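[1] here are the coordinates; sequence isn't available:
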């Protein structure tokens, strides 16, 4: 009976260690995801800024071309 209890406790310790490792992996994955989202958000912001500037340049060009007609 003592051997069975010892085996059960050993297996419970292994399960607890595995759960701790999984929690660590989940936390790290969450941090990685947050970092990726932050990077993508910054890239989208930069693209929107560039798009807005390009639109302004196009509008200015169209205005100049209309004046030249």
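    Sure, I can see it. In this text, all values refer to a predicted model and were calculated from it rather than measured experimentally.
[2] now stretch 5-12: mean pLDDT?
    Stretch 5-12 shows an average pLDDT of 91 in the prediction.
[3] what does stretch 44-63 give?
    96.
[4] chain center to that stretch: distance?
    How far stretch 44-63 lies from its chain's middle: 27 Å, per Cα atoms, centre = their mean, to the nearest Å.
[5] count of residues packed around residue 50?
    Neighbour count of residue 50, defined by other Cβ atoms under 10 Å: 10. C-beta here means a position set from N, CA and C on the backbone, and glycine is covered the same way.
[6] Give me the phi and psi for it.
    Dihedral angles of residue 50 (phi, psi; degrees, to the nearest 10) stand at phi -60, psi -40.
[7] separation between it and residue 56?
    With the distance defined as Cβ to Cβ, to the nearest Å, residue 50 ends up 11 Å from residue 56.
[8] can you map out the helices along the protein?
    For the chain, helices defined by DSSP state H occupy the ranges 2-68.
[9] Roughly how far does residue 65 sit from residue 59?
    Taken as Cβ to Cβ, the span from residue 65 to residue 59 is 11 Å.
[10] next one: residue 17
    In this view, residue 17 and residue 59 are 63 Å apart by Cβ to Cβ.
[11] again, but for residue 9
    74 Å.
[12] can you check residue 49 too?
    Counting by Cβ to Cβ, the gap from residue 49 to residue 59 is 16 Å.
[13] Residue 33: how many residues sit nearby?
    Neighbours around residue 33, by other Cβ under 10 Å: 10.
[14] hang on, I meant residue 21
    10.
[15] what does residue 37 give?
    By other Cβ under 10 Å, the residues close to residue 37 number 10.
[16] quick one, what contacts it?
    With contacts taken as Cβ atoms under 8 Å, 6 or more residues apart in numbering, residue 37 has no neighbouring residues.
[17] what about it, distance to residue 52?
    22 Å.
[18] And for residue 12?
    Looking at residue 12 against residue 52, where the rule is Cβ to Cβ, the gap reads 59 Å.
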